[in-house]
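**Student:** when you get a sec, could you give me coordinates for this:
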Amino acid sequence: MIGTGGRSVPAPCAAVRAALLLATLALPACHGRPPTIVPPPPTAPRINELRQNIATILAAPTLARGTWGVLVKSLSNDETLFALNAHKLMMPASTQKVLTLAVAADQLGWDFSYRTSVLTVGKIDDGVLKGDLLIVGFGDPTTFDDWAGSASSLFHEWAVVLKRIGIQKVEGRVIGDDSAFDDEGLGAGWAWDDLAASYATSVGALQFNQNTARLVITPSAPGEPAHIQVTPEAAHLTVLNRTTTGAGGPLTVRPIPRSPTIEVDGAVAPSSERILRNVSVPNPTIYFVNAVRDGLIQNGIEVDGPATDIDDLPAPLDRSNAAIYIEAFSNGLASVGVPMMKMSQNLYAETLLKTIGLQMSGVGSTAAGRAVLDSTLADWGVAAGEALEVDGSGLSRYNLVTPDALAIVLRHVYQDERLRDPFIATLPRAGVDGTLEDRMKGTPAADNLRAKTGSFSNARSVAGYLRTADGEPLEVVIMANNYGASPRVIDDATDAILVALAKFSRR
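**Tutor:** As a prediction, this is how the structure comes out:
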């Protein structure tokens, strides 16, 4: 049979086969009617040229020791334009967030928002709450203060409401109820030396300032330790100050495992301006209720008792006379997804994975969220063993995903009108914003590529969408692992591939 543009026609008589192939002559004596002979489509050489171009980029000697996984497919006709190791498991780094947000949007909806409740537990008598103030959280990661060290701006409205119902003083405690989530704040496979960093903070059902505090470091007299201030004070961090004021040297911030202590080492030049370092806070619940307590006091409400984690109470709290007076709601998931993807906010992704578990199974744990993730990806066509998720953000070195699995999710999102536009709006734009702001400027990929990036030691990746010079929509997954080269070399090779795709034309 001879293929003719997707159809097949009977083979011609042997006596004229050569003439048919050379001159495409009709043979009515053999067929009864002339067959239609369509020449090979002119696009094939263009695709071969594209493939050779990409192969040449990846053949650079500086990339020889690494492992690459690349998959490029047309979203118009599902044609594969380039594939390399498409079914090889690789560490995705933060492109893991593509899976987390896609499944969250599918299961929760783009309008989903987080709730935080403020309850009184006790009677209100002559302006005094004869009991405790209870804060119940369900994971809202967007509760912010400014960095001025004061919670007054955030909790001013809460104080106004409490005063309106007659509370001028809280005789008891400010208690944080974080029981909506489990107490596993850190992810499996997170590097221990990341744990002091603001991108590796614990996750909880009550969260404040992205569970991050700031170190403000300023020089003192030569030879003396630098001054280090923690702000806001509600973080209650202990700083082991090993710095000195003297000839410059890099500052190192390390966690002290299993403690609220941060070690700071290095030299600060006497002429240095203040140095700012954002660090993680290990107990989000205590951080939140400390900030609430401080904010209420600063807004004129006296609080006698301490800030307390509900897990530390000696006995279960009696809620028989509890009353809800404040219900605070976050923006919807479509808004929450923007910093999560554009700025690669790990806390948002980890919170979202636990939220999926809580909302879909009643269990606010990473394991419950993973179960929903796995079943949803299977429904979308991701084969068993092609996506081995451990966390929601990609911070874990244990995550393993194939380029094909990421591509299937990208295609599903693109083809689902409920998911597509809000999802694409969360993605960084090459040369414009987010983690792609400084890449591919002045090229055909600029403000064209919309993609999630991923990066940590020995793993870099990009997964998203772009259009060719013809306007053809493509899905693109590029992953590099265990390369040994500098991150800049890997990014340059990745960007060269993306620019080549943006320039590609079938004509």
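**Student:** please count neighbours and contacts with C-alpha atoms only from this point.
**Tutor:** OK.
**Student:** correct me if wrong, but A334 is in a strand.
**Tutor:** No - A334: not assigned to a strand; according to DSSP: H, G, I helix; E, B strand; the rest coil it is helix.
**Student:** my guess is it contacts D421. True?
**Tutor:** No - applying C-alpha atoms under 8 Å as the test, A334 and D421 come out as separate, 9.9 Å apart.
**Student:** out of those two, which sits in the more crowded spot?
**Tutor:** Neighbours were counted for A334 and for D421 using other C-alpha atoms under 10 Å; A334 has more, 20 against 13.
**Student:** so how far is S461 from G484?
**Tutor:** 15 Å (C-alpha to C-alpha, to the nearest Å).
**Student:** I meant A451, not that one.
**Tutor:** With C-alpha to C-alpha as the criterion, A451 and S461 are 10 Å apart.
**Student:** same question for V253.
**Tutor:** In terms of C-alpha to C-alpha, V253 sits 27 Å off from S461.
**Student:** these two: which has the busier surroundings?
**Tutor:** Between V253 and S461, counted using other C-alpha under 10 Å, S461 has the larger neighbour count: 29 against 23.
**Student:** which residue comes closest to the more buried one once chain neighbours are left out?
**Tutor:** Once flanking residues are discounted, S461 sits nearest to M479: 4.3 Å by C-alpha to C-alpha, 6 or more residues apart in numbering.
**Student:** for the helix or strand where the one you found lies, packing partners?
**Tutor:** Using DSSP states H and E, M479 sits in strand 473-481. In terms of contacts (3 or more C-alpha pairs under 8 Å, 6 or more residues apart in numbering; DSSP states H and E), strand 473-481 is packed against strand 67-74, helix 403-415, strand 459-467.
**Student:** go through these and name the closest to T351.
**Tutor:** Closest of the helices and strands packed on strand 473-481 to T351 is helix 403-415, at 20.4 Å (criterion: C-alpha to C-alpha).
**Student:** give me the contact list for the following helix or strand past the closest one.
**Tutor:** Next along the chain after helix 403-415, taking DSSP H and E as the criterion, comes helix 420-426. Identification of contacts with helix 420-426 by C-alpha atoms under 8 Å, 6 or more residues apart in numbering yields 101-102, 110, 334, 337-342, 413-414, 450.
**Student:** how many other residues sit next to the closest residue to A205 other than its chain neighbours?
**Tutor:** The spatially closest residue to A205, leaving aside those adjacent along the chain, is G139, at 3.8 Å (C-alpha to C-alpha, 6+ apart). Using other C-alpha under 10 Å, G139 is surrounded by 26 other residues.
**Student:** please report how far the closest residue to D438 other than its chain neighbours lies from L215.
**Tutor:** Spatial nearest neighbour of D438, excluding adjacent residues (C-alpha to C-alpha, 6+ apart): G431 at 5.3 Å. When distance is defined by C-alpha to C-alpha, G431 is 31 Å away from L215.
**Student:** L84 too?
**Tutor:** For L84 relative to L215 (C-alpha to C-alpha), the value is 45 Å.
**Student:** ditto for A469
**Tutor:** A469 is 48 Å from L215, by C-alpha to C-alpha.
**Student:** neighbour count: those two, which is higher?
**Tutor:** A count of neighbours by other C-alpha under 10 Å puts L215 above the other of A469 and L215, at 22 against 17.
**Student:** next helix or strand past whatever helix or strand the more buried one lives in?
**Tutor:** Secondary structure assignment for L215, by DSSP H and E: strand 212-218. Counting by DSSP H and E, the next helix or strand C-terminal to strand 212-218 is strand 227-231.
**Student:** buried sites along that following strand?
**Tutor:** H227, I228, V230, T231 (16 or more other C-alpha atoms under 10 Å).
**Student:** now do stretch 378-393
**Tutor:** Quick answer for stretch 378-393 (16+ other C-alpha under 10 Å): V382, E386, A387, L388, E389, V390, D391, G392, S393.
**Student:** and these, which of them are in strands?
**Tutor:** A387, L388 (DSSP state E).
**Student:** mind listing the strands the strand holding L215 pairs with, and their directions?
**Tutor:** Strand 212-218 sits in its sheet next to strand 227-231 (antiparallel), strand 275-280 (antiparallel), going by DSSP bridges.
**Student:** which one of these lies nearest to G249?
**Tutor:** strand 275-280 (12.7 Å).
**Student:** and that closest one, how far out from the chain middle?
**Tutor:** 21 Å (C-alpha atoms, centre = their mean, to the nearest Å).
**Student:** who touches it?
**Tutor:** Contacts of strand 275-280 (C-alpha under 8 Å, 6+ apart): 195-202, 211-218.
**Student:** repeat that with 7 Å
**Tutor:** The contact list for strand 275-280 (C-alpha atoms under 7 Å, 6 or more residues apart in numbering) reads 196-198, 200-201, 211-218.
**Student:** between the residues you listed, which is nearest Y325?
**Tutor:** Of the contacts of strand 275-280, the one sitting nearest to Y325 (C-alpha to C-alpha) turns out to be N211, at 25.1 Å.
**Student:** and the closest one, what's its pLDDT?
**Tutor:** Here, the pLDDT recorded for N211 equals 95.
**Student:** quick check: it vs G204, distance?
**Tutor:** N211 is 9 Å from G204, by C-alpha to C-alpha.
**Student:** so which of the two has more stuff around it?
**Tutor:** Neighbour count, other C-alpha under 10 Å: between N211 and G204, G204 has more, with 31 against 28.
**Student:** name the SS class of the more buried one, please.
**Tutor:** coil.
**Student:** ok, it - contacts?
**Tutor:** G204 neighbours (C-alpha under 7 Å, 6+ apart): G139, D178, F181, G185, P284, T285.
**Student:** please convert the residues you listed to CSV, extending it with pLDDT, secondary structure and distance to V264.
**Tutor:** Below are the contacts of G204 laid out as CSV (pLDDT from 0 to 100; DSSP: H, G, I helix; E, B strand; the rest coil; distance: C-alpha to C-alpha, whole Å):
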residue, pLDDT, secondary structure, distance to V264
G139, 97, coil, 30
D178, 97, coil, 30
F181, 98, coil, 31
G185, 92, coil, 23
P284, 95, helix, 21
T285, 97, helix, 24
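**Student:** if anything else comes up later, I'll come back, but that's it for now.
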